[in-house]
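[1] All I have is the shape, not the residue letters:
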């Protein structure tokens, strides 16, 4: 147990703080929510490493520093209703649920959704609704925060339209090897502000929208 706590401490101090994640709410949360309990059993040794962790079915957990940075950039408030596209292991879902009023998380793979459900139940995350379906092009409802956990070559307009005024959308847009992590805020009904946060590369959402391609 001591080794696990040391590894968690090292993750925060050596990976996350150097990525300019200094919000004490987020850092405290990373101590409380046990990342190793959301990792597949055969990959627990990788729980605190600076890398993506494969979950099977083409899904993976983000590196810890990306999870932490996204949470900080979204400024999730207790009153916020959140949409997460791609539940994965349920770890980011659990982090979001600790900050928000309610999280709706949609996973296209039923098996992954069931695993995440058991993880979230074990962590007493009561304010989460898990849905199984394809949310790669949007999902019904209005939200204060939307997070896409897979990349999308083209960002469907429907996500922006699903934001409440003041709502924030995080999406990684583009194709490998170069993608841009974007934070889009709806400041008025027809006004959106976009901030390019960083360059990264993560696996695409299944059925993600593709750019129009010329056919010769």
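    Great, that's in hand. This structure is a prediction, so every number in the text was calculated from the model and none was measured.
[2] can you map out the strands along the protein?
    Ranges of strands within the chain are 53-56, 59-61, 81-85, 102-107, 128-132, 143-148, 163-175, 178-188, 191-200, based on DSSP state E.
[3] May I see these organised as JSON lines, with distance to residue 70 and mean neighbour count added?
    Backbone N, C-alpha and C define where each C-beta goes, glycine included. Output for the strands of the chain, formatted as JSON lines (distance: least, C-beta to C-beta, whole Å; neighbours: other C-beta atoms under 10 Å):
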{"stretch": "strand 53-56", "distance to residue 70": "16", "mean neighbour count": "17"}
{"stretch": "strand 59-61", "distance to residue 70": "13", "mean neighbour count": "22"}
{"stretch": "strand 81-85", "distance to residue 70": "11", "mean neighbour count": "25"}
{"stretch": "strand 102-107", "distance to residue 70": "14", "mean neighbour count": "24"}
{"stretch": "strand 128-132", "distance to residue 70": "17", "mean neighbour count": "17"}
{"stretch": "strand 143-148", "distance to residue 70": "7", "mean neighbour count": "24"}
{"stretch": "strand 163-175", "distance to residue 70": "5", "mean neighbour count": "20"}
{"stretch": "strand 178-188", "distance to residue 70": "8", "mean neighbour count": "16"}
{"stretch": "strand 191-200", "distance to residue 70": "8", "mean neighbour count": "13"}
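[4] Tell me who's in contact with the residue positioned nearest the centre of the chain.
    The residue lying closest to the centre of the chain (C-alpha atoms, centre = their mean) is residue 149, at 4.3 Å. Applying C-beta atoms under 8 Å, 6 or more residues apart in numbering to residue 149 gives the contacts 62, 84-88, 92, 202, 205.
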